[in-house]
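In: below are the sequence and a predicted model; questions follow.
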Amino acid sequence: MSYTITPAATADVADLRQLYYAVYGPHYPTALGTDPAEMSRLIRDPYTLWLVARCARTGVLAGSAAVHGEPGSRIGRLEGLAVHPDQRGTGLAGQLTEALCARTLEAGTHDSVYATVRTVSVGPQRVVARNGFRPLGILPNAVDLSSRESLALYARHSPGVLDRRVPVTEVPAALAPLLRSVEGSLGISYARTRTTAPQPAPSGAGRAPLEIVDAPAFVRRRFHERFPEPGRWFYPLHTPNVLLTPEDGSFEVYAYLNRTGGYCALVAAHPDPAFANGWLESVTRTLTRAGAGYVEALVPLEHHGALSAFGAQGFIAGALYPAMRREGDGFHDYVVMSRTAEHIDFHGVVVDTPLQPFLDSCVSAWASTYLPSREVAP
């Protein structure tokens, strides 16, 4: 069957909502496929490329996908990839993905595009892999889609980007399996990166109560006042909508909380992210009470102290995104540290062969963090 692939138009919103319902049912956790106003805004957004596919013969909407970017960033997120159940097996998902990459990566507007892929079957993993995406890790319990699911992180880089990574001298030893998995996946080397013992956990009133300010417009305004320059924070495509602070207001933690999907991303801390590291336990507990069954943070690979602090509070290094952030002529690697408040059913995770080393690494990291070590009496 042949398809016509064109940019989405606001006139497509009604058909798109029907498509996402047919694919995901009532549990799709993002506004891209459920909120008409947000969908219309994204279609008009100059930093979002949204493509739709219609059957050439009938004109019926058969598939949809988008790459979402933002001002000042050269990273994109592949999202909303959906093919109507009647059209599965036709190769349409791959056609949509390749069309988006051709108009972003190959056109030179993005340095990399990433995707989070479901792990209930290998089909979605193979779709992105056939289009040049490579696995970077596992995000355990990352989203609630009728039940809690783990996602796989994949990315595709523009030519030459990976060769311009800024070297990292040392990382906590717990990251060693993840580094080896990324080396095998992308063909890059961390041979000059030493693995050393984690730094001591920061001191602080980590169990003191925190207040949560749940006022998205206010939080956005205050965030941009605190961080007028993106160089002081980095979490692409996530705008904070909640603010956490102790009673004395000595620091502020900004986060994006999605209650529908039950997940949260820690975006930034003011005045000093290092100070907030001592409050990670209280931050996580507060967000869990607010509905986040999964909390994640992007931590630069070169920030040994921050990686150690997150590890000390039960966060697991599930994924590594090489060359994620451009700074001058170089690119910085980032680690996805995550913590979940719910039981992880690794038996329900289905992975294709290239993703298996990352699942093994994630299971090992979880076991070493949460299972007691066995002591053998002499």
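Out: Great, that's in hand.
In: lowest-pLDDT helix or strand in this protein?
Out: The weakest-scoring helix or strand in the chain, judged by mean pLDDT, DSSP states H and E, is helix 273-276 (a mean of 74).
In: which residues of this structure score low on pLDDT?
Out: 202-207, 230-233, 372-378 (pLDDT under 70).
In: where do the helices sit along it?
Out: Ranges of helices in the chain, per DSSP state H, are 13-24, 36-44, 92-104, 123-130, 176-186, 216-226, 273-276, 280-289, 304-312, 356-370.
In: looking at these, which is closest to Gly72?
Out: helix 216-226 (12.5 Å; Cβ to Cβ). (C-beta placed from N, C-alpha, C; glycine too.)
In: for the closest one, buried residues please.
Out: For helix 216-226, the buried set under the neighbour-count rule, 16 or more other Cβ atoms under 10 Å, comprises Val219, Arg222, Phe223, Arg226.
In: cool, stretch 86-96 as well?
Out: Judged by neighbour count (16+ other Cβ under 10 Å), stretch 86-96 contains these buried residues: Gln87, Thr90, Leu92, Ala93, Gly94, Gln95, Leu96.
In: ditto for stretch 238-256
Out: By neighbour count on 16+ other Cβ under 10 Å, the buried set for stretch 238-256 is 238, 240-246, 251-256.
In: likewise stretch 365-372?
Out: Neighbour-count burial for stretch 365-372 [16+ other Cβ under 10 Å]: Ala365, Trp366, Thr369.
In: okay if I get those as a markdown table plus distance to Ala152?
Out: Output for the buried residues of stretch 365-372, formatted as a markdown table (distance: Cβ to Cβ, whole Å):
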| residue | distance to Ala152 |
| --- | --- |
| Ala365 | 15 |
| Trp366 | 16 |
| Thr369 | 20 |
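In: Gly184 contacts Leu355, doesn't it?
Out: No: using Cβ atoms under 8 Å, Gly184 makes no contact with Leu355, being 11.2 Å away.
In: so which of those two has more stuff around it?
Out: Legend: neighbour count by other Cβ atoms under 10 Å for Gly184 and Leu355, higher for Leu355 (26 against 14).
In: name all residues that make contact with the more buried one.
Out: Residues near Leu355 by Cβ atoms under 8 Å, 6 or more residues apart in numbering: Thr119, Gln125, Pro135, Ile138, Ala152.
In: Tyr154 too?
Out: Tyr114, Ala115, Thr116, Val117, Gln125, Val128, Ala129, Phe133, Arg134, Pro135, Leu136.
In: and with 6 Å instead?
Out: Neighbouring residues of Tyr154 by Cβ atoms under 6 Å, 6 or more residues apart in numbering: Ala115, Val117, Val128, Phe133, Pro135.
In: which of the residues you listed ranks first by neighbour count?
Out: Comparing those by number of neighbours (other Cβ under 10 Å), Pro135 comes first, having 28 neighbours.
In: and the least confident helix or strand of the chain, which residues are buried?
Out: Neighbour count says helix 273-276 has Pro273, Ala276 buried, by 16+ other Cβ under 10 Å.
In: same thing with stretch 114-131?
Out: Burial within stretch 114-131, assessed by neighbour count using 16+ other Cβ under 10 Å, is assigned to 114-119, 122, 124-125, 127-129, 131.
In: not counting it itself, show me its contacts.
Out: Residues contacting stretch 114-131 (Cβ under 6 Å, 6+ apart): 77-78, 93-94, 97-98, 150-155, 349-350, 352.
In: list just the nearest of the contacts of Leu355 to Phe331.
Out: Pro135 (18.9 Å).
In: excluding covalently adjacent residues, which one is nearest to the closest one?
Out: Once flanking residues are discounted, Pro135 sits nearest to Leu355: 4.5 Å by Cβ to Cβ, 6 or more residues apart in numbering.
In: kindly report the same for Cys55.
Out: Closest to Cys55 by Cβ to Cβ, 6+ apart is Ala62, at 5.4 Å.
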